[in-house]
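[1] Below are the sequence and a predicted model; questions follow.
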Amino acid sequence: DYMSDTTRLFKLNGWCTPLACLLIWGLAEGADPVAVACTSPGLAFYGDLAFAFYAMQGPVALPFRYPPTSLETIPYFYRFLAIFPTLFVVAYIVNRYWQIPVRRRIEEWGKTLPT
């Protein structure tokens, strides 16, 4: 029974292995069309915001999920749609005024360490 599960898993996922290897190889070389697309300025900008999106999604969504009584009349669907632009703005602010300065200070500190 264990082998049948393993065989089934390989049949489902194993066919993607050669494609995944080609993707990883192309990204490592940097000449793959996917690598070129991932290094474009637009995607690089969203990549910089990724941690802020992750870190701020809970605090941003909380007031929309449990709103003050004045916002309870707005349907939940519209409150849910409002999360995304709000999250984008908050993530940009956190990235600009917290992540980037902290990253620069860590890099400067790392340069002062003895080698």
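    Alright, I've got the coordinates. Numbering: from 1, shown residues only.
[2] From now on I want contacts and neighbour counts done on CA atoms only, so please keep to that.
    Noted.
[3] Could you identify the helix or strand that succeeds the lowest-mean-pLDDT helix or strand in the chain?
    Taking mean pLDDT, DSSP states H and E as the measure, the chain has helix 2-13 as its least confident helix or strand, at a mean of 63. Per DSSP states H and E, the first helix or strand lying C-terminal to helix 2-13 is helix 17-29.
[4] Report the rounded mean pLDDT for whichever helix or strand comes after that following helix.
    Next along the chain after helix 17-29, taking DSSP H and E as the criterion, comes helix 33-38. Averaged across helix 33-38, the pLDDT comes to 80.
[5] mind listing what's buried in helix 33-38?
    Judged by neighbour count using 16 or more other C-alpha atoms under 10 Å, the buried positions of helix 33-38 are Ala35.
[6] for the lengthiest helix in the chain, packing partners?
    The longest helix of the chain (DSSP state H) is helix 41-65. When contacts are defined as 3 or more C-alpha pairs under 8 Å, 6 or more residues apart in numbering; DSSP states H and E, helix 41-65 sits against helix 76-94.
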